[in-house]
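A.B. asks: Sequence below, structure please.
(2 chains)
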Number of protein chains: 2
Amino acid sequence: MGRGGGAVSSVLEELLAVLPSQVVSADDDVRAANAADVTGHLPGGPPAVVVFPETVEQVQTTLRVAHRLRVPVAVRGRGTGLAGGAAAPDAGIVLSTVRLNRIVSIDAVDQLAVVEPGVVTADLDRAAAEHGLRYAPDPASSEWSSIGGNIATNAGGLHCVKYGVTRESVLELEVVLADGSLLRTGHRTVKGVTGLDLVGLFVGSEGTLGVVVGAVVKLQPVPVATETLIAWADSTATAAAAVAAIMSSGGRPSVLELLDQATLQNIDGHSGTALAGQGDSLLLVQTDGWAADREADALLAVLAAAGADARKLSADEAETYVELRRSGRGPRPDLWTIGEDVAVPRSRLVEMIRTIEAIGQRHGLLVASVAHAGDGNLHPALSVAKRPGETAPPEVLRIAADELVRAALAVGGTISGEHGIGALKREWLADELGEPQLDLQRRIKAVFDPLGILSPDSFLAVTEERQLVP
Amino acid sequence: MGRGGGAVSSVLEELLAVLPSQVVSADDDVRAANAADVTGHLPGGPPAVVVFPETVEQVQTTLRVAHRLRVPVAVRGRGTGLAGGAAAPDAGIVLSTVRLNRIVSIDAVDQLAVVEPGVVTADLDRAAAEHGLRYAPDPASSEWSSIGGNIATNAGGLHCVKYGVTRESVLELEVVLADGSLLRTGHRTVKGVTGLDLVGLFVGSEGTLGVVVGAVVKLQPVPVATETLIAWADSTATAAAAVAAIMSSGGRPSVLELLDQATLQNIDGHSGTALAGQGDSLLLVQTDGWAADREADALLAVLAAAGADARKLSADEAETYVELRRSGRGPRPDLWTIGEDVAVPRSRLVEMIRTIEAIGQRHGLLVASVAHAGDGNLHPALSVAKRPGETAPPEVLRIAADELVRAALAVGGTISGEHGIGALKREWLADELGEPQLDLQRRIKAVFDPLGILSPDSFLAVTEERQLVP
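C.D. replies: A predicted model of the protein is given here:
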């Protein structure tokens, strides 16, 4: 499936003929730096060209060239993806949105922001804060990931347990389609039912249907108060049971995170804290809004009844614990690690956690789990020590990950709670959707991208061996 | 476009050959009763046949016959639609979901319900209440409309200002496609990003993509407390300004309704109340949850600062006012009326209300407006007295409605906030979406329904004159 040097130089030449030279790069360093997301997944070689459009028109021009030449294109936000969704197509174009990074406007009365896709998520939140507002979805990567990437993956985060995932905050999208045409869809009103919901279709489509070049997103008032609790449990199962009790109590926590013993040890290892000795598993709980104090008191009682040792934190302590959770596990260069992302119905959380522990034991793996527990969304990391001279992760990791994903499906869960499918989870996609639905989704993609040039190796890939006509 | 009697009897015979006779009816009364929604819109004649499937398999069988014969099919819930979306296709099949009306299960831990489409919305809410839960979306029709119809139109309601529209409560769908095949899409977990979001595509698609035969919907804890306020304002503009102040205050009302003077007079007329003399316009506000009392107190202050005369209601009074709002305007057989449904950004609410009043004055019409004001969603009713012998509404009503819908678009609004497009708003669809997007939506429909048998005369209709091959 490799492409000849002639074809590559022709793509470069064609792009340089219609775009300013400063937005087109074929430098080896630039191509290498933009080839893969943080997973490093890159099935082919580096891209032929990286384009950094500075205007919507330049995105359209890039797609028109790609469409005419039938050259594959991967859209890249800030490259923080965890599913290989932004992996460069072999000898294709990477279209980076990093220079489309303006917050165009913030409307405090209508509580919305107009943004370009390359805006870093936390930057938008800070800009909104100047108006007493905030952008609620907060993936752990929010300081580094972009709104465009968040939209492409329908990103979750800590606050989603109360405020919903990215989809719930996107009102309107501007999208460049595969042929370079520009589509505006959705509406700035909080309600509206005109036509099919294409905004919902684009959110989470991981760059397979078009390139998001603008978005109108909802902002919300900054909560008038926030309270933070921590609770120690003697096992992850006890902690998970406490989570179920909280969610059944009528309280609506704005954060409900679970960290297991191995995760606490990792945090201690890179942060100099001493959490692991204080208990087996840690729950981090926040309440917010006008009744933050009352809800916190009620949840303290629920946690105690569930057998957890809970207490309120001061504002300073709270900031520390949230930051420790966000930074999560530190880098462990001595280990091969697969970071998983599955979600299960809350009622199956205890069972799923026990299953994960059993998988780890069976294969002799280290298991460290954090969970957006209120959502039933688990992030177990499966690790094994690197052996001298080993250059690739051992097969046992893949086998264990396969068992874990299938276990989530078996209890009515999903193979991805918030990271997306990309290329790395494609193998399980049909197990969840079924082949007929997958075929239907591919035919929907064909409506938007009849030549299949957008992210051809991502989750809607038809075959391993694609035929591209240069 | 009429179909011969031979074709009609052939459809009936083919259906009777594969379905139990008690689920198929060609009686004149049954056909007439199931031909139109409450708008009475029926461009052709009554349907050839009405089918009342009692199982998913019978829905599949019906669609297989229709597909083979290329007979058009309209899905009908409880017939409470306000956009002509369920209008029977000429000489086609009406597929009624009224007998698919089981609440299959309610899961209190995972806070979800498995339902068939014909379940009446308020019945689900009452069943959930036995578990301390509720189904949040509450269209004013909730005592008569069905979950399936609510899903088809992405119905809104009073609580949506805090709890979101129907889309936000639908987790998973079972859908029979045009060829009779069965698709299950979505996931029972509260988070999940596996593949394209087909649930979002089906919700609001008004029967054009498939027949929803089952749904898994989210339930939420019944709020621990609810407070209700009313506030009188000296004009609808003052009331609308107070709404904007509330929504900017950081409070999150669970109900925020506006009723203008003409609406209050209508209510007085059919309910024996004496509201109209108490003030020009009325706001009905609820807060709920752990801080219902604090939020209510805060909103009382906001309302007073905005120049409205506000007070708290007792629980009994609150029930009365909510019921009066839900029952809305009574029947007025002496008037021709068009009930509109537009939504505008909240910042344009005052302007839009003034525009509506000006349109009414210009054309000599009665205007009575209620609004889900917190959402910017307006329901102005435009009326004119019936003249003796007049058998159809005068053209002036249609002209005024056209001006009103275009005025909503001009301020960045949408042509339908929650009722849907159906057949009756089709003429404005391209004005909002643009022809390229409309074409894209039609091509998406063609993926699901290549022969165009589902709701062929609804919002995605290609031409006025369709060619159907029997």
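A.B. asks: drop to CA atoms for contacts and neighbour counts, all remaining ones
C.D. replies: OK.
A.B. asks: residue ranges for the helices of the stretch 201-350 of chain A, please.
C.D. replies: A:236-248, A:261-271, A:292-305, A:315-327, A:349-363 (DSSP state H, counting those that start in this stretch).
A.B. asks: Just name the most buried of these.
C.D. replies: helix A:236-248 (a mean of 23; mean count of other C-alpha atoms under 10 Å in any protein chain shown).
A.B. asks: Does that one reach chain B?
C.D. replies: Yes: Helix A:236-248 comes into contact with chain B (C-alpha under 8 Å from any C-alpha of the partner chain), by way of A:244, A:247, A:248.
A.B. asks: Figure out which of the helices of the stretch 201-350 of chain A is closest to residue B:118.
C.D. replies: Of all the helices of the stretch 201-350 of chain A, helix A:236-248 sits nearest to residue B:118, with 27.9 Å by C-alpha to C-alpha.
A.B. asks: Quick check: which helices or strands does the closest one pack against?
C.D. replies: strand A:255-259, strand A:281-288, helix A:292-305, helix A:349-363 (3 or more C-alpha pairs under 8 Å, 6 or more residues apart in numbering or on different chains; DSSP states H and E).
A.B. asks: Which residue lies nearest the spatial centre of chain A?
C.D. replies: residue A:419 (3.7 Å; C-alpha atoms, centre = their mean).
A.B. asks: now for the helices and strands packed on helix A:236-248, which one comes closest to chain B?
C.D. replies: The minimum distance between chain B and the helices and strands packed on helix A:236-248 falls on helix A:292-305, with 6.9 Å, by C-alpha to the nearest C-alpha.
A.B. asks: so where's the stretch 1-150 of chain A uncertain?
C.D. replies: A:1-8 (pLDDT under 70).
A.B. asks: Please repeat the previous calculation with a cut-off of 50.
C.D. replies: A:1-4 (pLDDT under 50).
A.B. asks: Close to chain B: what parts of it are there?
C.D. replies: A:108, A:109, A:110.
A.B. asks: and the second one, how many neighbours?
C.D. replies: Neighbours of residue A:109 under the rule other C-alpha atoms under 10 Å in any protein chain shown: 16.
A.B. asks: again, but for the last one
C.D. replies: In terms of burial, residue A:110 registers 21 neighbours under the definition other C-alpha under 10 Å.
A.B. asks: Report the separation between it and residue B:295.
C.D. replies: 20 Å (C-alpha to C-alpha, to the nearest Å).
A.B. asks: I'd like to know how far the closest residue to residue A:9 other than its chain neighbours sits from chain B.
C.D. replies: Leaving out its chain neighbours, the residue that sits closest to residue A:9 by C-alpha to C-alpha, 6 or more residues apart in numbering or on different chains is residue A:48, at 7.9 Å. Separation of residue A:48 from chain B (C-alpha to the nearest C-alpha, to the nearest Å): 28 Å.
A.B. asks: Then residue A:90?
C.D. replies: Residue A:90 is 23 Å from chain B, by C-alpha to the nearest C-alpha.
A.B. asks: sec struct for the nearest residue to that residue once chain neighbours are set aside, please.
C.D. replies: In space, and not counting its chain neighbours, residue A:90 is closest to residue A:44: 4.7 Å by C-alpha to C-alpha, 6+ apart. Recorded secondary structure, residue A:44: coil (DSSP: H, G, I helix; E, B strand; the rest coil).
A.B. asks: now swap in the one 3 residues further on and tell me
C.D. replies: When classified by three-state DSSP, residue A:47 comes out as coil.
A.B. asks: One more: residue A:123?
C.D. replies: helix.
A.B. asks: Now it: closest residue in space that isn't a chain neighbour?
C.D. replies: In space, residue A:123 is closest to residue A:143, 7.5 Å off (C-alpha to C-alpha, 6+ apart).
A.B. asks: any chance of the helices and strands packed on helix A:236-248 in a markdown table, plus distance to residue A:160?
C.D. replies: Formatted as a markdown table, the helices and strands packed on helix A:236-248 follow (distance: least, C-alpha to C-alpha, whole Å):
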| stretch | distance to residue A:160 |
| --- | --- |
| strand A:255-259 | 8 |
| strand A:281-288 | 12 |
| helix A:292-305 | 17 |
| helix A:349-363 | 17 |
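A.B. asks: For the ones you listed, give me CSV that also has distance to residue A:190 and mean pLDDT.
C.D. replies: Shown next, in CSV, are the helices and strands packed on helix A:236-248 (distance: least, C-alpha to C-alpha, whole Å; pLDDT from 0 to 100):
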stretch, distance to residue A:190, mean pLDDT
strand A:255-259, 25, 96
strand A:281-288, 23, 97
helix A:292-305, 26, 97
helix A:349-363, 34, 95
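A.B. asks: Residue A:68: neighbouring residues, count only.
C.D. replies: Count around residue A:68 with other C-alpha under 10 Å applied: 11.
A.B. asks: Residue A:395 now?
C.D. replies: 8.
A.B. asks: Quick one: closest of the helices of the stretch 201-350 of chain A to residue A:34.
C.D. replies: helix A:315-327 (23.5 Å).
A.B. asks: which other helices and strands contact that closest one?
C.D. replies: Helix A:315-327 packs on strand A:226-233, going by 3+ C-alpha pairs under 8 Å, 6+ apart.
A.B. asks: and the strand it packs on, is it in reach of chain B?
C.D. replies: No: Strand A:226-233 is not in contact with chain B by C-alpha under 8 Å from any C-alpha; minimum separation 13.3 Å.
A.B. asks: Strands along the stretch 301-450 of chain A, start to end?
C.D. replies: For the stretch 301-450 of chain A, the strands defined by DSSP state E, counting those that start in this stretch cover A:309-312, A:335-339, A:342-343, A:366-372, A:377-385.
A.B. asks: Check the ones you listed for me and report the most buried one.
C.D. replies: strand A:342-343 (a mean of 31).
A.B. asks: Next up, the contacts around the residue of the stretch 151-300 of chain A found nearest chain B.
C.D. replies: Residue nearest to chain B within the stretch 151-300 of chain A (C-alpha to the nearest C-alpha): residue A:192, separated by 4.1 Å. Residues near residue A:192 by C-alpha atoms under 8 Å, 6 or more residues apart in numbering or on different chains: B:343, B:414, B:415, B:416, B:417, B:418.
A.B. asks: Near chain B, which residues of the stretch 151-300 of chain A are found?
C.D. replies: So the stretch 151-300 of chain A meets chain B at A:153-154, A:156, A:165, A:168, A:183, A:185, A:187-198, A:200-205, A:221-224, A:244, A:247-250, A:290-291, A:294-295 (C-alpha under 8 Å from any C-alpha).
A.B. asks: Which among those count as buried?
C.D. replies: Among those, those classed as buried by 16 or more other C-alpha atoms under 10 Å in any protein chain shown are A:153-154, A:156, A:165, A:168, A:183, A:185, A:187-198, A:200-205, A:221-223, A:244, A:247-248, A:250, A:290-291, A:294-295.
A.B. asks: Need the distance between the two termini of stretch A:271-283.
C.D. replies: Across stretch A:271-283, first to last residue, C-alpha to C-alpha, it's 18 Å.
A.B. asks: Look up phi and psi at the residue nearest to residue A:90.
C.D. replies: phi -100, psi -150 (degrees, to the nearest 10).
A.B. asks: Hmm, it is touching residue A:35, no?
C.D. replies: No: with contacts counted by C-alpha atoms under 8 Å, residue A:44 stays clear of residue A:35, the gap being 9.6 Å.
A.B. asks: what touches both of the two?
C.D. replies: Common neighbours of residue A:44 and residue A:35 (C-alpha under 8 Å, 6+ apart) are residue A:88.
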